[in-house]
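>>> Any chance you could fold what I've pasted below:
(one chain, ligands or ions: 1)
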Amino acid sequence: MAESTSTIDLTFGLGGRVAVVSGGASGIGAAVASTFVAKGATVAVVDLDEAAATSTAEALGGQCRGFGCDVSDPESVTAAIGAVHAAYGRIDVLVNSAGIALLAPAEELTATAFAKTLGVNVTGTFLVSQAVGRHMLAAGHGKIVNMASQAGSVALDDHAAYCASKFAVIGLTKVLASEWGPRGVTVNTVSPTVVLTDLGRKAWEGPKGDALKAQIPTGRFALPEEIAAAVLFLCSDASDMINGADLLVDGGYSIR
Ligand SMILES: NC(=O)c1ccc[n+]([C@@H]2O[C@H](COP(=O)([O-])OP(=O)(O)OC[C@H]3O[C@@H](n4cnc5c(N)ncnc54)[C@H](O)[C@@H]3O)[C@@H](O)[C@H]2O)c1
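Presented below is the predicted three-dimensional model:
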């Protein structure tokens, strides 16, 4: 057997890296930001809620800073990512966690709600990936993780717009992985089951959530920190051969 010459960092360290986390002021994004800081990264917290982004960044400490941005608006994305790059001179990691869930039975869902969901979840993921990806391609390296969902692989009632958006995020991610992998930038998705955040609680509290939970083999919903741990792995050097993958963190919900 050939002797291993591997120097893989099994502590998943991010020392010296600059990470952009969209939606970083709340929920999964905030958990990702604090996990990254614990592993040595500096985080640019990018969020629609600029005040929350700034206070989250202040609590993270170091050189972390908050940036206001509507990810669905091309001009806002150009300005925010330009400001991040001007502040730090590099972007090594991007996590697209900004997202919304507007739920209704398909026959009642408004065109406005459908378009808004795709605007934030799909167009937003594309615009921020493109703006950050250009810097990563110029540098010849980068790691991008997009938050998809179990709703990107299976149908959930009342989730017509949300499922359409998350199936699209997985497709978009595979194309970016194919185009940018050869130039040093890997792109993957993480797909949680229900996570106990504002968004997750609002969508799944009550008997509907209890019924879903009963179908999850591990018998519970996920914690934001558990999603952050999966994201950390995919943003570390240990995952360099993982590209275009969808990592389900769903307790096995979607295998049934
Ligand atoms: N919580 C869950 O159950 C769950 C499950 C699977 C996937 N997800 C996905 O994970 C991601 C994060 O969800 P969460 O539970 O942390 O939600 P959350 O509501 O706690 O946080 C979302 C953040 O995104 C920001 N945001 C919303 N619209 C934005 C916009 N246009 N521009 C910039 N920022 C914007 C919000 O201000 C907020 O800070 C989303 O993409 C969501 O679809 C969540």
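>>> Neighbouring strands of the longest strand along the chain in the sheet, and parallel or not?
As assigned by DSSP state E, the longest strand anywhere in the chain is strand 185-192. Using DSSP bridges, strand 185-192 pairs in its sheet with strand 142-147 (parallel), strand 246-249 (parallel).
>>> deepest of those strands, which one?
strand 142-147 (a mean of 27; mean count of other Cβ atoms under 10 Å). Using the backbone N, CA and C atoms, a C-beta is placed for each residue, glycine as well.
>>> any idea which helix or strand comes after that one?
Using DSSP states H and E, the helix or strand that follows strand 142-147 towards the C-terminus is helix 160-180.
>>> Report the buried residues of that following helix.
Of the residues in helix 160-180, 160-170, 172-174, 176-177, 180 count as buried by neighbour count, 16 or more other Cβ atoms under 10 Å.
>>> One more: stretch 189-197?
Neighbour-count burial for stretch 189-197 flags 189-195, 197 (criterion: 16+ other Cβ under 10 Å).
>>> Kindly report the same for stretch 97-107.
97-103.
>>> what do you get for stretch 233-242?
In stretch 233-242, counting by 16+ other Cβ under 10 Å, buried: 233-236, 238-239.
>>> So what would you say the end-to-end distance of it is?
With Cα to Cα, to the nearest Å as the measure, stretch 233-242 spans 10 Å from end to end.
>>> Low-confidence ranges, this protein, go.
For the chain, the stretches with pLDDT under 70 are 1-5.
>>> residues from it in reach of the ligand?
Proximity of the chain to the ligand, by Cβ under 6 Å from any ligand atom, involves residues 22-23, 25-29, 47-49, 69-72, 97-101, 120, 124, 147, 149, 192, 194-195, 197-200.
>>> one step back: now the buried residues of stretch 233-242 as CSV including secondary structure?
CSV is the format used below for the buried residues of stretch 233-242 (DSSP: H, G, I helix; E, B strand; the rest coil):
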residue, secondary structure
233, helix
234, helix
235, helix
236, coil
238, helix
239, helix
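>>> Could you single out the nearest of those residues to the ligand?
Nearest to the ligand out of the buried residues of stretch 233-242 is residue 234 (Cβ to the nearest ligand atom; 14.2 Å).
>>> my guess is the closest one meets residue 145, correct?
Yes - taking contacts as Cβ atoms under 8 Å, residue 234 lies within contact range of residue 145: 5.0 Å.
>>> so what's in contact with these two at the same time?
Here residue 234 and residue 145 have 188, 190 as joint contacts, going by Cβ atoms under 8 Å, 6 or more residues apart in numbering.
>>> Could I get the contacting residues of residue 21?
Going by Cβ under 8 Å, 6+ apart, residue 21 touches 29, 32-33, 36, 43-46, 94-95, 97.
>>> 6 Å instead?
Residues near residue 21 by Cβ atoms under 6 Å, 6 or more residues apart in numbering: 29, 32-33, 43, 45, 95.
>>> Looking at those, which are in strands?
When DSSP E is applied, the contacts of residue 21 are split such that 43, 45, 95 fall in strands.
>>> mind checking the SS state of the residue lying closest to the second one once chain neighbours are set aside?
The spatially closest residue to residue 45, leaving aside those adjacent along the chain, is residue 24, at 3.8 Å (Cβ to Cβ, 6 or more residues apart in numbering). Under three-state DSSP, the three-state class of residue 24 is coil.
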